[in-house]
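> Okay, sequence plus prediction incoming.
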Amino acid sequence: MKSILFVGLVSTMMFAQPSAPTTYPDGELGKMVKLGEEIMLKTDTHPLTKDMVGNKLNCASCHIKGLDGKPGTADGIGSFIGTAAVFPAFSKREKTVQTLQDRINNCFMRSMNGIRPIVDTPASIAMATYITWLSQGIPMNMNAKAPVSEKNFKKWVSGQKRMAALIKKATHENYLNGKNLFEQKCATCHGMNGEGIATFPPLWGKNEKGEWLSYNTGAGMSKLNKGAAWVQSNMPLAQGDTLNDQEAVDIMLFVNAQERADFDLKKGLYPKEKMGYYNSNVHEEHHSVKSNFKEFGLDLEKIKTGK
Ligand code: HEC
Ligand code: HEC
């Protein structure tokens, strides 16, 4: 009995998800890892990235910090542990095989509502170096289906599918329920109008200067099914996996129905002479709050007003 218990314990220890490394590499490489980490914690104010960010978020707003305080080491969807091991990977969105830098830089146009950094510039290298450091010791396993880590991929696929089935059936009642739940479970940190409070990040809308506060309609988070899967896995902060599917769907139906920037791919790219090589086979892409609802057969106005 005792020995069975012992074997069980050892095997869970051996097969548990490897955790983040604790020591930085020596020399210049270590400095680059630290620079990437710093950028991800303050992307909107860091001198190397602030001009490419069009909202008040950081990478760490969605790639949640673990107990070690490092971006992307928490366990939920959006963890960076193992991410570098799946690249190069195929992206359906860009219809191309991407490197880790491509993947990182595309987030600037969408989640960060800004402009795509140029590949091989210091910020781009630094972020890729940090994410690669977090994946040390995890076997290479390139992903032919999506540019996401194996662990995130499993959670995304099952989460998105379940959520999509519920979203297609959504009505105004779900929106009202979502608003109610938002006010009870989210507004204490994110504000009644999604504006964010102190270091708790904004979810939608503009500030008094007319600047957009959060992710735009081209971001993964703005897609009703992906947003619901992410929120279920990570929110309320430190209480991931407490919302059931319907609650997560209703809350994100409410959140993603509010005002946020339209997405126009061309506006996220530097002019041709400056952008470097943009590794994508898709050169036109537009989304709005309305079109994100339409993707699931929903009429935004009907969902919001019941009429
Ligand atoms: C508003 C939330 C949000 C912000 C801010 C954000 N991301 Fe993401 N990121 C996501 C979501 C959601 C996904 C997965 C979605 C998908 O595949 O469409 C993702 C996926 C990724 C991936 C693929 C990793 C994997 O294994 O899943 C990388 C790399 C990444 N983001 C890097 C960044 C970097 C670097 C920044 C900051 C410049 C950033 N992200 C900012 C939400 C965000
Ligand atoms: C205890 C405070 C707290 C509560 C409650 C909370 N959040 Fe968050 N949320 C955070 C923090 C903090 C972050 C960013 C992570 C970081 O900076 O470490 C975040 C990030 C987010 C993000 C991604 C970043 C952005 O601003 O778009 C979304 C979306 C989100 N929360 C939605 C929700 C929803 C929906 C609920 C309710 C179910 C909720 N949160 C409840 C604190 C909270």
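Received, thanks. Numbering: from 1, shown residues only. Ligands and ions are numbered 1, 2, ... in the order given.

> where do the helices sit along the stretch 201-307 of the chain?
All helices of the stretch 201-307 of the chain, identified by DSSP state H, counting those that start in this stretch, fall at 224-234, 245-255, 289-294, 300-305.

> Now render those helices as CSV, adding mean pLDDT and distance to ligand 1.
In this view, the C-beta of every residue, glycine as well, is placed from N, C-alpha and C. Shown next, in CSV, are those (pLDDT from 0 to 100; distance: least, CB to the nearest ligand atom, whole Å):
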stretch, mean pLDDT, distance to ligand 1
helix 224-234, 97, 5
helix 245-255, 98, 11
helix 289-294, 98, 13
helix 300-305, 98, 20
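
> What's the local residue count around the spatially closest residue to Gly36 that is not a sequence neighbour?
Distance criterion CB to CB, 6 or more residues apart in numbering; nearest residue to Gly36, sequence neighbours excluded, is Tyr130 at 2.9 Å. Tyr130: 26 surrounding residues under other CB atoms under 10 Å.

> now Gly78
25.

> Let me see the contact set for it.
Residues near Gly78 by CB atoms under 8 Å, 6 or more residues apart in numbering: 62-64, 72, 152, 230, 233-234.

> restrict those residues to contacts with ligand 2.
62, 64 (CB under 6 Å from any ligand atom).

> rewinding a little: quick one: the residue nearest to Gly36 and Ser124, what's the gap?
To Ser124, Tyr130 is 11 Å away according to CB to CB, to the nearest Å.

> likewise Ser291?
For Ser291, the distance to Ser124 equals 30 Å [CB to CB].

> higher neighbour count, these two?
Between Ser291 and Ser124, Ser124 has the larger neighbour count (other CB under 10 Å), namely 24 against 13.

> got the helices of the stretch 201-307 of the chain as a markdown table, with distance to Leu29 columns?
Listed next are the helices of the stretch 201-307 of the chain as a markdown table, based on distance: least, CB to CB, whole Å:
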| stretch | distance to Leu29 |
| --- | --- |
| helix 224-234 | 30 |
| helix 245-255 | 39 |
| helix 289-294 | 40 |
| helix 300-305 | 48 |
